[in-house]
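*Asks:* have a look at this prediction, sequence included:
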Amino acid sequence: MFPRNNVDQEARMSEIRTDSGIEVKPVYRAEDAGASPPDPGQYPYTRGVYPTMYRGRLWTMRQYAGFASARESNLRYRYLLEKGQTGLSVAFDLPTQLGLDSDDPRAEGEVGKVGVAIDSLEDMAVLFDSIPLDKVTTSMTINAPAAVLLLLYELVAERQGVASNLLGGTIQNDILKEYAARGTYIYPPRPSMRLITDTFAYCQQHIPKWNTISISGYHIREAGATAAQEIAFTLSDGIAYVDAAIRAGLPVDEFAPRLSFFFVSNPNLLEEVAKFRAARRMWARIMKERFGAKKDASMMLRFHTQTSGASLTAQQPLNNVVRTTIEALAAVLGGTQSLHTNGFDEALGLPTQDAATLALRTQQIIGYESGVAATADPLAGSYVV
């Protein structure tokens with residue numbers, strides 16, 4: 001009754017490729033998979049950087065937020081923490097990212113628009129009011145002035161009576177992708193690289209638990225790169241930072257354990273999972289074979305993931321809930337260490353409180369109800385992955 005054979009023949013003949021141009025076959029078999037990689041927690045960490053991954057502790061649920069004034073952003077942070085968020089992620093406005101005060105004529109029209117405005121130590125103190133900095137880790141998306149914002153954070157902690165060696169978190173501090181994809185740079189490349197390696201050295205001595213850089217493919221992908229190009233450019237930037245730090249006299253096994261990465265997760269679930277696994281394997285081999293790293297921690301690619309802003313639509317915005325859920329699931333199946341899920345209304349503006357809450361609940365449902373956190377690397381053995 002139904003011409004199934006014709007349908008099958010058409011499916012076999014039609015070519016499907018991922019965004020990276022990789023052809024997807026109609027079916028995969030054991031011979032496509034190759035040799036099984038080592039267990040999670042073992043070099044080259046294809047299956048994850050920790051042996052049990054999320055079984056003992058879920059990824060950090062780190063929702064990216066910041067808008068208007070320090071006081072308003074502080075209220076959003078405290079709200080999200082009350083709802084179960086497990087880490088902070090600070091969005092700064094464009095003037096702050098470019099080292100401009102809010103009253104600078106060049107900042108007109110941009111103050112507090114896509115992030116929080118920070119002009120002083122007092123602003124930073126208000127931003128983290130009633131948030132214990134020895135209990136919460138903070139990621140700050142700041143690049144050209146990263147050293148200054150980190151110092152302000154350290155001074156706020158000092159006011160709270162929290163020693164620098166107890167602080168945990170990340171500064172993005174990734175200037176190379178700014179030249180390529182974002183544009184919030186202040187200084188030329190050479191002095192910018194000097195600021196970054198100086199920050200590596202400072203944190204090693206004074207804030208040893210701090211991730212000194214978040215080497216970012218997210219913005220490169222959102223600017224139009226494919227999944228394969230995202231890995232290529234990000235790992236290339238990582239190589240440049242390691243080279244610069246070694247030239248500055250820093251031993252690789254002293255600074256490399258505090259390097260971290262930042263990737264996007266797009267709706268193509270299987271390609272994204274394969275991307276994360278491949279990036280881990282490649283970085284481990286680069287650090288061991290190219291740079292002679294000896295410590296396991298120097299070879300582990302630990303990364304934060306944000307779901308794709310470019311995949312969201314202003315039309316039928318509730319459909320973005322489904323897109324973001326698929327993207328978040330791909331990040332978890334790919335072994336992310338922390339995750340931000342976008343609000344469904346972000347194609348229209350800054351996320352409303354309801355959208356921010358639902359985005360957090362999406363992570364919590366994946367973590368506590370889907371079952372995917374019960375075993376490490378659950379897609380291991382997939383012929384297609």
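*Replies:* Now that the structure is in, tell me what you want to look at.
*Asks:* all contacts plus neighbour counts: C-alpha atoms, from now on.
*Replies:* Will do.
*Asks:* name the element Ala244 belongs to?
*Replies:* Using DSSP states H and E, the element containing Ala244 is helix 227-247.
*Asks:* CA atoms only for the helix or strand hosting Ser214, dumped as CSV, please.
*Replies:* In the assignment (DSSP H and E), Ser214 maps to strand 213-216. Provided in CSV are the C-alpha atoms of strand 213-216 (Å, rounded to 0.1, in the frame of the first residue of the first chain):
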residue,chain,number,x,y,z
ILE,A,213,41.4,32.6,31.0
SER,A,214,38.4,31.2,29.2
ILE,A,215,39.6,30.5,25.7
SER,A,216,36.4,31.1,23.7
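*Asks:* can you map out the strands along the stretch 201-350 of the chain?
*Replies:* Along the stretch 201-350 of the chain, counting by DSSP state E, counting those that start in this stretch, strands occupy 210-211, 213-216, 259-265, 303-307, 338-340.
*Asks:* out of the ones you listed, which one sits most buried?
*Replies:* strand 213-216 (a mean of 27; mean count of other C-alpha atoms under 10 Å).
*Asks:* so what's Asp8 scoring on pLDDT?
*Replies:* Asp8 carries a pLDDT score of 60 in this model.
*Asks:* next one: Phe263 from Arg277, what distance?
*Replies:* 12 Å (C-alpha to C-alpha, to the nearest Å).
*Asks:* re earlier: let me know which of the strands of the stretch 201-350 of the chain is the nearest to Glu31.
*Replies:* strand 259-265 (27.9 Å; C-alpha to C-alpha).
*Asks:* show me what that closest one is packed against.
*Replies:* When contacts are defined as 3 or more C-alpha pairs under 8 Å, 6 or more residues apart in numbering; DSSP states H and E, strand 259-265 packs onto strand 213-216, helix 218-222, strand 303-307, helix 319-333.
*Asks:* compute the inter-axis angle for it and strand 303-307.
*Replies:* Using axes from the mean of the first three to the mean of the last three C-alpha atoms, to 10 degrees, one finds that strand 259-265 and strand 303-307 are set 20 degrees apart in direction.
*Asks:* and the average pLDDT for strand 259-265 is what?
*Replies:* On average, strand 259-265 scores 98.
*Asks:* find the residue closest to Ala278 in space, skipping its chain neighbours.
*Replies:* Thr46 (6.5 Å; C-alpha to C-alpha, 6 or more residues apart in numbering).
*Asks:* neighbours around the one you found, how many?
*Replies:* 29 (other C-alpha atoms under 10 Å).
*Asks:* that one and Val273 touch, don't they?
*Replies:* No. Using C-alpha atoms under 8 Å as the test, Thr46 is too far from Val273 to be in contact (10.7 Å).
*Asks:* anything in contact with each of these two?
*Replies:* Taking C-alpha atoms under 8 Å, 6 or more residues apart in numbering as the criterion, Thr46 and Val273 do not both touch any residue.
*Asks:* and Asp198, how far from Pro191?
*Replies:* Taking C-alpha to C-alpha, one finds Asp198 at 10 Å from Pro191.
*Asks:* which of the two has more neighbours?
*Replies:* Comparing Asp198 with Pro191 by other C-alpha under 10 Å, the one with more neighbours is Asp198, at 16 against 10.
*Asks:* residues contacting the more buried one?
*Replies:* With C-alpha under 8 Å, 6+ apart, Asp198 has no contacts at all.
*Asks:* tell me the pLDDT at it?
*Replies:* pLDDT, Asp198: 98.
*Asks:* that one: helix or strand, and which one exactly?
*Replies:* Using DSSP H and E, Asp198 falls in helix 189-206.
*Asks:* where does the prediction get shaky in the protein?
*Replies:* Within the chain, the set of residues satisfying pLDDT under 70 comprises 1-13.
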